[in-house]
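1. the sequence and its predicted three-dimensional model are supplied below.
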Amino acid sequence: MATFIYPTDTTRVTSGFRGDRPNHHGIDLAEAGYHPIYAAAGGQVSRSYFSTSYGECIMIVHNINGVTWETVYAHMRSGSRTVKQGDYVTQGQTIGVMGETGEAYGQHLHFEMHKGSWNINKSNAVNPLDYLGKGGIGGTPQPEGIGMARSIYWEGYGINYYDGPHGKYIADFTTAAEVLYWDAYWGDDNDVWLDLGRSRWVKAEHYYWRPFKAISKFPEGYEVSYCDGIDGAYKGSINSKEPLTVFFRKEGWIDIGGNRWTPEKHFDIVDIR
């Protein structure tokens, strides 16, 4: 298990740690719709309250290998907090729902990590992207494949697989166990197919599936180039540790979307739950 997992089911960072906002002592994770908030690690709730700035807010103290940490979850939906001060929580436990209470503009989770206790000056704040998803299941390096898939049906229910997207029927998968997928086809109108290995293609609509993420091995701000194909022409660069979806993976390169190919060696490929 990762020491700290992502505190919600989206990894889309809309505002980073400090940088051009020196008083922004955390990161903002944002996505429209309903998104539960999870405890990033097990610990004890130190505060569960409404703040004029943080809005609906929870703080959790963690003791990890003798080191005290405190995490902050702010701007949650009104009435969504499920724990109170003094409660013990487990990693991944749902503690609220993403919202926009307090001094928030648009729905998002403002998340802070403090190595040491939280204080009004935020002097112990660290960049969460340096820690989230590291050191375990959420951040275990994935040497093969581009994601995980699990049937939405029960064990024994057959799901057709084909020799390619819209290809020839071959046989059925009947397992409800989570499996690796190796390739994907992205068509129009949510026409998505997954290759479960050896050219056994299934319709993604029959699976709960999640793509692996690529996280730069370099510090925030360090530029990593991407090209228009494998060994292709320079196209641009990224300079963030924000997790990027892995769309394709081959010949030591990964496509992080929009035909942006970059050498895999510069990234940790991880399974973030």
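-> Great, that's in hand. Numbers count the residues shown, from 1 in each chain.
2. tell me how the protein divides into domains.
-> According to automatic domain parsing, the chain comprises the domains 13-139, 147-211, 213-270.
3. would JSON lines of those with mean neighbour count be doable?
-> C-betas here are computed from N, CA, C, even on glycine. JSON lines is the format used below for those (neighbours: other Cβ atoms under 10 Å):
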{"stretch": "domain 13-139", "mean neighbour count": "18"}
{"stretch": "domain 147-211", "mean neighbour count": "15"}
{"stretch": "domain 213-270", "mean neighbour count": "17"}
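4. Tyr6 is nearest to which of those domains?
-> Nearest of the domains of the chain to Tyr6, taken as Cβ to Cβ: domain 13-139 at 5.4 Å.
5. Leu109 sits in which helix or strand?
-> Using DSSP states H and E, Leu109 maps to strand 109-115.
6. so what's Ala104 up against?
-> Shown in contact with Ala104 (Cβ atoms under 8 Å, 6 or more residues apart in numbering): Gly55, Ala74, His75, His110.
7. mind redoing it with 10 Å?
-> Asp28, Ala30, Ser53, Tyr54, Gly55, Glu56, Ala74, His75, Met76, His110 (Cβ atoms under 10 Å, 6 or more residues apart in numbering).
8. which helix or strand contains the residue nearest to Pro143 when sequence neighbours are not counted?
-> Among residues not flanking Pro143 along the chain, Ile269 sits closest, at 7.8 Å (Cβ to Cβ, 6 or more residues apart in numbering). For Ile269, the host element (DSSP H and E) is strand 267-270.
9. and that strand, how far out from the chain's middle?
-> From the chain centre to the centre of strand 267-270 is a distance of 12 Å (Cα atoms, centre = their mean, to the nearest Å).
10. cool, and stretch 228-247?
-> Remark: stretch 228-247 is offset 18 Å from the chain centroid, using Cα atoms, centre = their mean.
11. export it as PDB, just CAs?
-> Output in PDB follows, covering the C-alpha atoms of stretch 228-247 (Å, rounded to 0.1, in the frame of the first residue of the first chain):
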ATOM      1  CA  ASP A 228       5.200  13.500 -32.100                       C
ATOM      2  CA  GLY A 229       6.000   9.800 -32.200                       C
ATOM      3  CA  ILE A 230       8.500   7.100 -31.100                       C
ATOM      4  CA  ASP A 231      11.900   8.700 -31.800                       C
ATOM      5  CA  GLY A 232       9.900  11.500 -33.500                       C
ATOM      6  CA  ALA A 233      10.300  15.200 -33.800                       C
ATOM      7  CA  TYR A 234      10.300  17.400 -30.700                       C
ATOM      8  CA  LYS A 235       6.800  18.700 -29.900                       C
ATOM      9  CA  GLY A 236       7.000  20.200 -26.500                       C
ATOM     10  CA  SER A 237       7.800  19.500 -22.800                       C
ATOM     11  CA  ILE A 238       6.200  19.100 -19.400                       C
ATOM     12  CA  ASN A 239       7.600  20.400 -16.200                       C
ATOM     13  CA  SER A 240       5.100  19.000 -13.600                       C
ATOM     14  CA  LYS A 241       4.900  15.900 -11.400                       C
ATOM     15  CA  GLU A 242       1.200  15.800 -12.000                       C
ATOM     16  CA  PRO A 243       0.200  12.200 -12.900                       C
ATOM     17  CA  LEU A 244      -0.400  11.700 -16.600                       C
ATOM     18  CA  THR A 245      -2.600   9.000 -18.100                       C
ATOM     19  CA  VAL A 246      -0.700   6.400 -20.100                       C
ATOM     20  CA  PHE A 247      -2.500   5.800 -23.400                       C
END
